[in-house]
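S.K.: Give me coordinates for this.
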Amino acid sequence: MASRGESPSGFRKETVNKILRLHFKDDKTRVSSDALLLMTEMLKVFVREAAARGARQAQAEDLDRVDIEHVEKMLPQLLLDF
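M.R.: The predicted structure is shown next:
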């Protein structure tokens, strides 16, 4: 069960809200609670997919450990897929 301030995805709502607000041009722009829940879910899916693809990349190289290089190799395709 998620703790106070966390969505079921494990990301803190405040953190996701701050990330979104970094890209707003108007300081008065607000994010609804439904939009915030949707964005936390999208972030969860993105992070899980990045982890899975990084693991597959490491496995393709016959390695047991995922390093940043594995994530960097698959990141362009991941970004295109999202």
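S.K.: Can you mark which positions in the lowest-mean-pLDDT helix or strand in the chain are buried?
M.R.: Every helix and strand in the chain was compared by mean pLDDT, DSSP states H and E; the lowest is helix 13-21, with a mean of 90. Using 16 or more other CB atoms under 10 Å as the test for burial, helix 13-21 gives Lys13, Val16. In short, each C-beta sits where N, CA and C put it, glycine included.
S.K.: and that helix, how far out from the chain's middle?
M.R.: For helix 13-21, the distance from its own C-alpha centre to the chain's C-alpha centre is 12 Å (CA atoms, centre = their mean, to the nearest Å).
S.K.: all helices for this protein, in order.
M.R.: Assigned by DSSP state H, the chain shows helices spanning 13-21, 33-60, 68-81.
S.K.: Next, the angle helix 68-81 makes with the longest one.
M.R.: Spelled out, that is helix 33-60. Interaxial angle, helix 33-60 versus helix 68-81 (axes from the mean of the first three to the mean of the last three CA atoms, to 10 degrees): 130 degrees.
S.K.: so what secondary structure elements neighbour helix 33-60?
M.R.: Applying 3 or more CB pairs under 8 Å, 6 or more residues apart in numbering; DSSP states H and E, we find helix 33-60 packed against helix 13-21, helix 68-81.
S.K.: what stretches of this protein score poorly on pLDDT?
M.R.: 1-9 (pLDDT under 70).
S.K.: Can you pull up the most central residue in it?
M.R.: Central residue of the chain (CA atoms, centre = their mean): Leu43, 3.3 Å from the mean position.
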